[in-house]
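Participant: please find the sequence and the predicted model below.
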Amino acid sequence: MNKGTVIIGAGAAGSLAALFAARAGQSVLFLDGEEEPGRKILISGGGRCNVLPATVADAAFHTSGSQPLLRRLLSAWPLEEVQAFFERDLRLPLRREKDKLFPKSQRARDVRDALVKEAIKAKALLEVSWKVAAVERTGKGFLLTATDGRQLTAERLILAAGGQSVPTTGSDGSGFALARSLGHELTPLYPALVPLLTDDEDLRALAGLSLPVRWTARAPARDGDPGRVLGTGERELLFTHRGFSGPAIMDASHFVTRDKASLHICWTERSAEDWGAALADPGSRTVHRLLRKHLPARLATTLAHRVGLEETDRLAELPRATRQDLVQALANFTLPISGHRGFAHAEVTGGGVPLAELHSKTLESRRVPGLHICGELLDAQGPIGGHNFLLAWISGRLAGQA
């Protein structure tokens, strides 16, 4: 079989690429290795699909390469235009919930179905259970070989096979192997937006507790240097039976998995100076009474016990060293991280094909003419809450239009 444009992957980026390539008049075939396309869309947002962030800031996105190239990519399709596309072109009304946009139907399947149906309406052909095992460059384009031996040729090829996060959805990392086989270098891969683990039993006992925090990621300390600040944020932290999760941890996790950073938590809006002044109160109140005014009771008790305080200890009786330790625990608590839950539980794959190896306006490979790469295969990622879907929509559209 010979096709003009073949797209490997029928997920978020692949479906958009198929739709826009077909609209541009190309003969388009988009392939998915699973029996059902877009399975990662179906499980996103708890089965509701957080289609887009409600607002977006370029600084929230990360790449190991050029930030200007990433900003150029993001500017190719402004957020308000992407939202209009879903609501106007796909006839999929969206509803804002805090900082995210969901389909009003609250069904992720409606998002997946709208994308696929619109691509097919534009004359793109979808083939499922077509798992690509190898791609070879030929004189006229590309030769694709499936795991079952089937073959087809393409004049142009779009790689949109996804990363290797949540491999049960079909994102098994094979797209990276294909990109490498065609001559691309890869920035080292790592799990991003991933829950973190701890061996600390006292903190694991707080499972189910959630609260807003301020976090700081620091590079590993060296020779007395506390390590430079790599990132900061303010979101919810969730204690789990295995460690830490929630938006704060998910956003910060790539600093841990990639840079071996330490994470430092301020549990309240109060600064270290504020806490120092409050704990120097000469009155008769107990430390626990003060802490429980600003912290969940279980967390207040745990933090107090970690610095050797009992329920009846009074503020006026606090030794200076103990007060300093408590201020540190309240405003600059170092999370005892023992690891992470890996690609199986990561929402995004960090690293991948460097943006510098692609033409920014078309995402065509600088190494392999006729090859375009988009979606999670790119060395680009955003925080939790629809930002990585936004990257998929933008990059898929760019590749398809080209």
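Facilitator: Yep, it's here.
Participant: which residues does Thr187 bridge with?
Facilitator: Assessed by DSSP bridges, Thr187 has beta-bridge partners Gly352.
Participant: tell me the contacts of it?
Facilitator: Contact criterion Cβ atoms under 8 Å, 6 or more residues apart in numbering gives Ser64, Gly65, Gly351, Gly352, Val353, Pro354, Asp379 as the residues in contact with Thr187. (Each C-beta comes from the backbone N, C-alpha and C, glycine too.)
Participant: show me the shaky parts of the protein.
Facilitator: Scanning the chain for pLDDT under 70 picks out 1-2.
Participant: beyond the lengthiest strand in it, next helix or strand please.
Facilitator: Using DSSP state E to define each element, the chain has its longest strand at strand 229-239. Heading C-terminal from strand 229-239, the first helix or strand you meet, by DSSP states H and E, is strand 243-245.
Participant: tell me the strands beside that following strand, with direction?
Facilitator: Using DSSP bridges, the neighbouring strands of strand 243-245 in the sheet come out as strand 196-197 (antiparallel), strand 229-239 (antiparallel).
Participant: would you list those in a markdown table and tack on mean neighbour count and distance to Arg91?
Facilitator: Formatted as a markdown table, those follow (neighbours: other Cβ atoms under 10 Å; distance: least, Cβ to Cβ, whole Å):
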| stretch | mean neighbour count | distance to Arg91 |
| --- | --- | --- |
| strand 196-197 | 20 | 40 |
| strand 229-239 | 17 | 33 |
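Participant: so can I have CSV of the ones you listed showing distance to Arg204?
Facilitator: Rendered in CSV, the data for the strands paired with strand 243-245 read as follows (distance: least, Cβ to Cβ, whole Å):
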stretch, distance to Arg204
strand 196-197, 9
strand 229-239, 7
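Participant: on that earlier part again, which of the contacts of Thr187 sit farthest apart?
Facilitator: Largest separation among the contacts of Thr187 by Cβ to Cβ: Ser64 and Val353, giving 11.0 Å.
Participant: which residues do the two both contact?
Facilitator: When contacts are counted by Cβ under 8 Å, 6+ apart, Ser64 and Val353 have Thr187, Asp379 as shared neighbours.
Participant: who has more neighbours, those two?
Facilitator: A direct count of neighbours by other Cβ atoms under 10 Å for Ser64 and Val353 places Val353 higher, at 25 against 16.
Participant: report the contact partners of the more buried one.
Facilitator: Under the criterion of Cβ under 8 Å, 6+ apart, the neighbours of Val353 are Phe176, Ala179, His184, Leu186, Thr187, Ile373, Leu377, Leu378, Asp379.
Participant: swap in Pro226?
Facilitator: Applying Cβ under 8 Å, 6+ apart, we find Pro226 in contact with Arg218.
Participant: can you show me the helices along the stretch 101-250 of the chain?
Facilitator: Along the stretch 101-250 of the chain, counting by DSSP state H, counting those that start in this stretch, helices occupy 108-121, 174-181, 201-204, 246-259.
Participant: contacts only, for Ala219.
Facilitator: Ala219 is in contact with Gly227, Arg228, Leu230, Asp259, Ala261, counting by Cβ under 8 Å, 6+ apart.
Participant: run the last query once more with 6 Å
Facilitator: Contacts of Ala219 were listed using Cβ atoms under 6 Å, 6 or more residues apart in numbering, and they are Gly227, Arg228, Leu230, Ala261.
Participant: domain map for the chain?
Facilitator: The record's domain parsing of the chain by automatic domain parsing lists 2-189+347-401, 196-340.
Participant: return the most buried member of those.
Facilitator: Each of the domains of the chain was assessed for mean neighbour count using mean count of other Cβ atoms under 10 Å. The highest is domain 2-189+347-401, with a mean of 20.
Participant: from Val353, how far off is His372?
Facilitator: When distance is defined by Cβ to Cβ, to the nearest Å, His372 is 11 Å away from Val353.
Participant: scratch that, Arg91 is what I was asking about
Facilitator: Using Cβ to Cβ, which is the criterion applied here, Arg91 is 33 Å from Val353.
Participant: do the same with Leu378
Facilitator: Between Leu378 and Val353 the computed distance is 6 Å (Cβ to Cβ).
Participant: cool, Leu391 as well?
Facilitator: For Leu391 relative to Val353 (Cβ to Cβ), the value is 13 Å.
Participant: skipping adjacent residues, who's closest to Ala12 in space?
Facilitator: Nearest residue to Ala12 in three dimensions, chain neighbours excluded: Ala392, at 3.8 Å (Cβ to Cβ, 6 or more residues apart in numbering).
Participant: tell me if that neighbour really is in a strand.
Facilitator: No: for Ala392, which was evaluated using DSSP: H, G, I helix; E, B strand; the rest coil, the result is helix, with no strand membership.
Participant: isn't Ala380 right next to Thr63, touching?
Facilitator: Yes: proximity of Ala380 to Thr63 meets the contact threshold set by Cβ atoms under 6 Å, at 4.8 Å.
Participant: now do the shared contacts for those two.
Facilitator: Any residue near both Ala380 and Thr63 by Cβ under 6 Å, 6+ apart counts here, and that gives Leu70.
Participant: now Glu347. Nearest residue, chain neighbours left out?
Facilitator: Taking Cβ to Cβ, 6+ apart, and ignoring the residues beside it in sequence, Glu347 has Leu193 as its nearest neighbour in space, at 3.8 Å.
Participant: now do Gly308
Facilitator: Residue nearest to Gly308 in three dimensions, not counting chain neighbours: Thr322, with 6.5 Å by Cβ to Cβ, 6+ apart.
Participant: element containing the one you found, please.
Facilitator: Using DSSP H and E, the secondary-structure element containing Thr322 is helix 320-331.
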